[in-house]
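J.: 3D model of this:
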Amino acid sequence: MGPATIATSVAPGPGWRDFWLLSTLMDGSPRNSSILNSSLPLPSARVISQTIHPDKNATSNLTIFVMQFGQFMDHEMVSTPLPIVLQTGQLNDLVAAFSDRILIICKDGGLAAFAANILSCLPHGPTSRLAAISSILSAKYVCTAHTLELNSKSRHISSIPQRTLEELSSAVGSNFGPPSNQTNSSSECFPILFPPNDTNFRGTCMEFLRSQPIRDHNGNIVYPRENQTSSPLTSMPQLYMEHTFCEQVGETTSCQTTECKDCVKRNSSDICHLAGDDRVNELPGLTLLHAIFMRYHNLIASELRTRSPLASSEVIFQQARSVVIAVMQNILYSEWLPIVLGPNVRQDYNLNFHRTLRTEYDENSDPRIFQAFSTAVFRFGHTLIPRSFPLTPTRRVLLRELFFKPFETRENMDSLTEGFLTADSPQDRTQPFDRFIVEEVTGHLFENQQGPREGFDLVALNIQRGRDHGLPPYNAFRQVVGLPKVKSFDDSVLGAAGPRLAQIYAHVDDIDLFSGGLSEAPHDGGLAGETFSRLMALQFQRLKFGDKFFFGHRKAYFGFTTTQYNLVRNITMAHVLCRTTGIKKVQRNVFRIADQELTARRTLKNLTGEAAHVILTCEALQIVSPSLHLHFF
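T.: Next up is the predicted model:
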């Protein structure tokens, strides 16, 4: 699998990457045994979730936008597949949905419930073929992996023999991409074992599909990659981004719909949204941000067209794209990161912006996403997830009831935005950074409220993903960032989590990075603990200085002048929300709860440093901090 992470070490790794730590995937198998004894297994990821990361009611002074923008940026940079969720009536054409790909189902006795769904999605064929598939899927095995190859071009369907849990656990292989006919791809399964009498889940295990991280940081979440030619979003050279909110876009109305996607439809008028990332329908807040930035692109493109009527659509599109990406980068580094990372950490890693001093591209800085970041560190945001979301002033809905329901965003876009901003109730805010994570995602993640679909445990998936990728344990990364190892479970660094960790881990060096990082107290006035803060800062430093197109660089390939740079620096998330939604009021910094008392006693004339906590009308915001003047672009 290669190195588990990369950093500014002296030793070059495979593919010209430098690295800190070698992966624990020395033979292709995941990390699954104690440092004390290779025959002693690590505790089940599900047991860790229940013991170290239970639900606990708490609140913060931050809006839900902190959590939601973090997830939006995570999806921009990282994509790892989850097990395929099959829901009754939602997969009308499985072959089309998984054309030329391998469908792997890692599941215990629940396979029988999937058979009818899969058969209803397959093209009509010989009865014997369908009967064979039905037989495979109806079999009741314990934690057995089944693999079906579905090729829509040849209409060929074949199965690869199943293997038992013992065989899966000891499987050795180095192929971490899509399996082929020549490879027994059952080794791609790495099921999460349930403890006896699990309070949330039936059966013996949770399905888990092995993966490898992908992605970089270049606006993919808004702008699809060039090779995604099947998406209507990429029918260039169009002036506007087509989208699925059925509203006026330029001079035409655009409304794209999709079939056989993970999206709940109440009736034929409901649609699943298309975007640069296929997780757009996952949560109402995520759908909201996709819509907001697509609308923002179209507004910028429309204004650029007005100023340059003779320019080609391709030129206008690319100009608008460069502006939108720059605005996203500015929001990330100027507003969001200062909340997550403390001032000293940001200073140490040169993450701050300066009005006159611009940065330089560093060709020796590797901007690719390293394993520790994608697999554990940036998943810190899972502790910020609230139990419920304020869809309207009078309607608050549990998260378990909102997965894959984009109609909730379409019908409540402005009220959802206002609910995120005002956070009138403490439960309408981002949860604090700690080791506690709401049961909505540890017992009901992606739960199907309309059928027999059990949910997943997000924490267990995180821990299992780290082991899947051969991620070294928590203590190894503390040493990497210059911190002393935690030498015992009584170490003050672990706080109250220490005794609980001692209950399930055989040795302190076995602690998984995700759980260890969340056990630390917030550091330097930021959200995250010190280990996660330093690892996160390093990743964002590399993304900033290793990106030749970063808008803040003096000689950026985008060619941003000093004037253009300063204009972009003025644009905040508040500006974007005012331009793309129907809200009338907003605080200067949408990630912080507004101070109602401060709002009442301050005036526009003396809005200074503390103005970030003041609610302004969108018109007043424009006076205090003007939006983008596109005649400079």
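
J.: Quick one: name whatever helix or strand follows the helix-or-strand element of the chain with minimal mean pLDDT.
T.: Scoring the helices and strands of the chain by mean pLDDT, DSSP states H and E places helix 165-169 at the bottom, with a mean of 26. Sequence-wise, the next helix or strand downstream of helix 165-169 (DSSP states H and E) is strand 192-193.

J.: what's that following strand in contact with?
T.: Contact with strand 192-193 is made by 44, 45, 46, 143, 204, 205, 206, 208, 457, 460, 461, 464, as judged by CB atoms under 8 Å, 6 or more residues apart in numbering. No exception for glycine: its C-beta is placed from N, CA and C like everyone else's.

J.: can you pull the contacts of residue 197?
T.: Neighbours of residue 197 in contact, by CB under 8 Å, 6+ apart: none.

J.: and it, backbone torsions?
T.: phi 60, psi 40 (degrees, to the nearest 10).

J.: Check the contacts of strand 192-193 and tell me the two furthest apart.
T.: The largest separation in the contacts of strand 192-193, counting by CB to CB, is between 204 and 461 at 16.7 Å.

J.: Looking at these two, which is more packed in?
T.: A count of neighbours by other CB atoms under 10 Å puts residue 461 above the other of residue 204 and residue 461, at 25 against 15.

J.: Need the pLDDT of that one.
T.: We have a pLDDT of 92 for residue 461.

J.: now it: how far from residue 284?
T.: Using CB to CB, to the nearest Å, residue 461 is found at 21 Å from residue 284.

J.: Ok, residue 480 next?
T.: Note on residue 480: its distance to residue 284, by CB to CB, is 38 Å.

J.: So which of those two has more stuff around it?
T.: In this view residue 480 and residue 284 are compared by other CB under 10 Å, and residue 284 has more residues nearby, 25 against 20.

J.: which parts of the helix ranked longest in the chain are buried?
T.: Assignment by DSSP state H gives helix 284-307 as the longest helix of the chain. Going by neighbour count (16 or more other CB atoms under 10 Å), the buried part of helix 284-307 is 284-305.

J.: Against which helices or strands is that helix packed?
T.: If you count contacts as 3 or more CB pairs under 8 Å, 6 or more residues apart in numbering; DSSP states H and E, helix 284-307 packs onto helix 64-77, helix 313-331, strand 388-392, helix 407-422, helix 573-580.

J.: Any chance of these in TSV with mean pLDDT, mean neighbour count and distance to residue 535 as columns?
T.: Shown next, in TSV, are those (pLDDT from 0 to 100; neighbours: other CB atoms under 10 Å; distance: least, CB to CB, whole Å):
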stretch	mean pLDDT	mean neighbour count	distance to residue 535
helix 64-77	94	23	14
helix 313-331	91	21	20
strand 388-392	92	20	29
helix 407-422	91	21	28
helix 573-580	94	22	25
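
J.: Which of those sits closest to residue 542?
T.: Residue 542 sits nearest to helix 64-77 of all those, at 11.4 Å, using CB to CB.

J.: list the helices and strands that closest one packs on?
T.: helix 284-307, helix 337-340, helix 407-422.

J.: Quick one, grab the pLDDT at the nearest residue to residue 69 once chain neighbours are set aside.
T.: Once flanking residues are discounted, residue 69 sits nearest to residue 336: 5.6 Å by CB to CB, 6 or more residues apart in numbering. Looking at residue 336, its pLDDT stands at 97.
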